[in-house]
Each structure stands twice: as C-alpha cells, then as structure tokens.
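*Asks:* fold the following.
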Amino acid sequence: MIEKEIIINNKNVKFELTKRDNDNVMFLLNGNEYKFSLNNIFNDYFVISKNEENYKCVISKNAKGCHLNIASLEAMISLPNQKRGRNRADDEGSLKSPMPGQIFKILTRVGDKVSKGDPILILEAMKMEHSIKANIDGEIKEIFYEEGQLVDADVELAEIKPLNAK
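*Replies:* A predicted model of the protein is given here:
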C-alpha cells in the first residue's frame, strides 16, 4: 500500500492506494474502500464506486485546486507540495517525472556512474513505458522511489551528482 495525502476543505487527509492496474485504482479513505475506473472518466465528471454503488463526481478546476461535487456533497480539493528532495525545477542533475505514473523498473543504483542520455529508470504512464534519462554526466546520488510506487507529475525521481562536483 502507498500512503498519499490530499487537502480537502483546508484539512490534510491521508488515504492509501491499495491496488492499481491498467484500468482501476483502489483506495482506502476513512476506513472505506473505493474503486476508481480509468474507463469512467468523462469531460466534466468521473465515477467512483463504493460497495458496488456508483457516485458521479463533478469536478471543476480553479486557481486554488478542484471543486468536487459528489452526490450533493461539495469539497475543495488540492494537493500538498509533493515534491521530494529539492524544489528547484531546473536543477542540474535533477530528474523529474513528466507525468503521473508508476515506477516500472529502476535501471541504476546509488553510486553508479552515468552519462548524459543513459536510462535511469522506466516510468509506466498512460499504458506506455517512458525512459527517464540522465540529463548530465555524473554519479547517481539518490533515487527517491522504489519499483511499483506511484508518482505524481513533476516530482523529483532521482538526483545525479555532476562529475565535477565535490
């Protein structure tokens, strides 16, 4: 299980992703298990299920997050800062996730020397595998995730220490 956090009506709420495959995501929230099918996403709403009962979730985005309406219950949802490691977007040696997905395969280990363009790990997203490659020559300083873990877009996946760094 992977623990995640969202902000609902200005309160941090933790939930656990219990299962994910190509078409479904299962999660636990407040002791209740929900199922979200990627096949039930439409232009302005999606559907989640609890105990075989479906709930239509209407969503609208704004600058503060997403306004969500589920069966006449309304909430404002946003994500906490989920970046791991450093927060600077264009750091030399920082490898970011281009989109949400799952770490499929880690091809290197901390301490490995890599050249610019070498594959570091494989991210599975949108039913495709995406190779995350070294952006500089250097040494793997840190890998922030493990195989099988889910990641959000724009989180730091790994850090490469430049060869000339001390």
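
*Asks:* bridge partners for Asn24, pull those for me.
*Replies:* Judged by DSSP bridges, the bridge partners of Asn24 are Ser37.

*Asks:* and the gap between it and Arg109?
*Replies:* According to C-beta to C-beta, to the nearest Å, Asn24 and Arg109 sit 32 Å apart. In short, each C-beta sits where N, CA and C put it, glycine included.

*Asks:* quick one: which of the two has more around it?
*Replies:* Asn24 (14 against 8; other C-beta atoms under 10 Å).

*Asks:* gap between the more buried one and Gly93?
*Replies:* 36 Å.

*Asks:* same question for Asn164.
*Replies:* Counting by C-beta to C-beta, the separation of Asn164 from Gly93 is 11 Å.

*Asks:* the two: which is more packed in?
*Replies:* Higher neighbour count among Asn164 and Gly93: Gly93, with 19 against 8, using other C-beta under 10 Å.

*Asks:* give me the nearest residue to the more buried one, chain neighbours excluded.
*Replies:* Ile160 (3.9 Å; C-beta to C-beta, 6 or more residues apart in numbering).
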